[in-house]
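1. sequence isn't available, so here's the structure alone:
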């Protein structure tokens, strides 16, 4: 901890240089090669309220007071109504701690210290791509390419006052951490990430009232930077003090291995100049020139991150296929695990018996029957395997459709477009990730849908009109 006269508290990076270059080369009349590379800097990621430096004492202090008895008394001989107090008032605030022993004791419970790297580097991503486009006909082309990026200086938050080893069973963790009375949260830009993808696209330009674009992506995303906000939902870091950040390098929270999209648009064959109702007049005005389009999208699921059940800051060890069935739970390494008779169901998405708990450190002797290992020889074993441990959650598919027509208005090139849009036309439920527990009968059940609120899960149909002038 040190004093700083810098009003910004941190030193900004003023010399970030982000060059980018792209090229395209026509091999022949039907083939074009394209490539590009560039540097991209990120801004400061939102870390929410809790991790801000302003939450440190003396700028932000939380105090509680439970009076005994919890009531005021009217004492005329002492000047009127008297209430229990800890020495703090609205007028003096925490300043009363300077003159009141009770207020000082109450305000001294600082508890958590928030820290930030004063010379943090800006998050940097190097993105690159290479593709080949081939013309199959005058209106149809196919593109295949590689797209990827590498990132560094990603923002992360972690407990910086952890014990530099696995906590022994039954030990008081607070007695083992370097600073006994504090929980220290540090925000640093030390994370790394990588994304690699094979992308294929088929495009048909408009002809005969029809055009479409179809794409497929096969990709993998890896990083060791849990987001500063909400990382506990993904397991969080095990112990960066003992393991370092790279030990938790694995699938990103947003990793999607496969994604397919298909987006056609078709001009319906009704009305003047079309195959059906080829006439002018009322029929053409009402039924002609309608267009329809839809978007089909399907993708595999996101990862579900698992933690051990016998100790904190630990990942389980995978021993078999998480989507296989059967097995017999080992009471020592798989306590209260309910082996699945069927997987990929709403009741049990994966088989917990595909994993086992690593041994827990103990101050005593190694005891395999109780899954214990002596702290003298434990090393990093109680933390579990290197890399995040995860299984893939439910994927989804969805179809959105539109029907629309534009009516010209003979006034300053104005027009009115009438349209009807249907989202999730098939009304197919899109399930969210299951629970990520390993023990218990419902710890792998799916209890929610992926979309809600702004993006509803159920079918939605809307009718609208738009005036252009």
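-> Ah, there it is. In this text the structure is predicted, and so the values were computed from the model without any measurement.
2. okay, now the domains of the protein?
-> Annotated domains of the chain cover 16-61+90-256+302-307, 258-299+396-429+439-469 [automatic domain parsing].
3. gap between the shortest one and the chain center?
-> Same thing as domain 258-299+396-429+439-469. Centre-to-centre, domain 258-299+396-429+439-469 and its host chain are 29 Å apart (C-alpha atoms, centre = their mean, to the nearest Å).
4. rank the domains of the chain by mean pLDDT and give me the bottom one.
-> Per-segment mean pLDDT for the domains of the chain reaches its minimum on domain 16-61+90-256+302-307, at a mean of 87.
5. now do the same end-to-end measure for that one.
-> One end of domain 16-61+90-256+302-307 sits 39 Å from the other (C-alpha to C-alpha, to the nearest Å).
6. repeat for stretch 408-426
-> Using C-alpha to C-alpha, the end-to-end distance of stretch 408-426 comes to 33 Å.
7. buried set for it?
-> Buried residues in stretch 408-426, counting neighbours by 16 or more other C-beta atoms under 10 Å, are found at 419, 421-425. In this view, the C-beta of every residue, glycine as well, is placed from N, C-alpha and C.
8. out of the residues you listed, which sit inside strands?
-> Cross-referencing the buried residues of stretch 408-426 against strands under DSSP state E gives 419, 421-423.
9. just the residues you listed now: which is nearest residue 123?
-> Residue 123 lies nearest to residue 423 out of these, by C-beta to C-beta, at 34.1 Å.
10. is it true that the closest one touches residue 430?
-> No - Residue 423 lies out of contact with residue 430 (C-beta atoms under 8 Å); the separation is 11.3 Å.
11. re the thing from before, now the two most distant members of the buried residues of stretch 408-426.
-> Using C-beta to C-beta, the buried residues of stretch 408-426 span at most 17.1 Å, a distance reached by 419 and 424.
12. packed most tightly, which of the domains of the chain would that be?
-> Of these, the one with the most neighbours on average (mean count of other C-beta atoms under 10 Å) is domain 16-61+90-256+302-307, at a mean of 16.
13. what's near enough to touch residue 431?
-> Counting by C-beta atoms under 8 Å, 6 or more residues apart in numbering, residue 431 touches 346, 394, 396, 446, 448-450.
14. those into CSV, with extra columns for distance to residue 89 and secondary structure?
-> Below are those laid out as CSV (distance: C-beta to C-beta, whole Å; DSSP: H, G, I helix; E, B strand; the rest coil):
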residue, distance to residue 89, secondary structure
346, 56, coil
394, 56, coil
396, 57, strand
446, 53, coil
448, 47, coil
449, 50, strand
450, 51, coil
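15. ok, what's across the strand from residue 192?
-> Applying DSSP bridges to residue 192 yields these beta-bridge partners: residue 152.
16. same deal with residue 143?
-> Residues in beta-bridge contact with residue 143 (DSSP bridges): residue 133, residue 201.
17. and residue 16, how far from residue 129?
-> According to C-beta to C-beta, to the nearest Å, residue 16 and residue 129 sit 22 Å apart.
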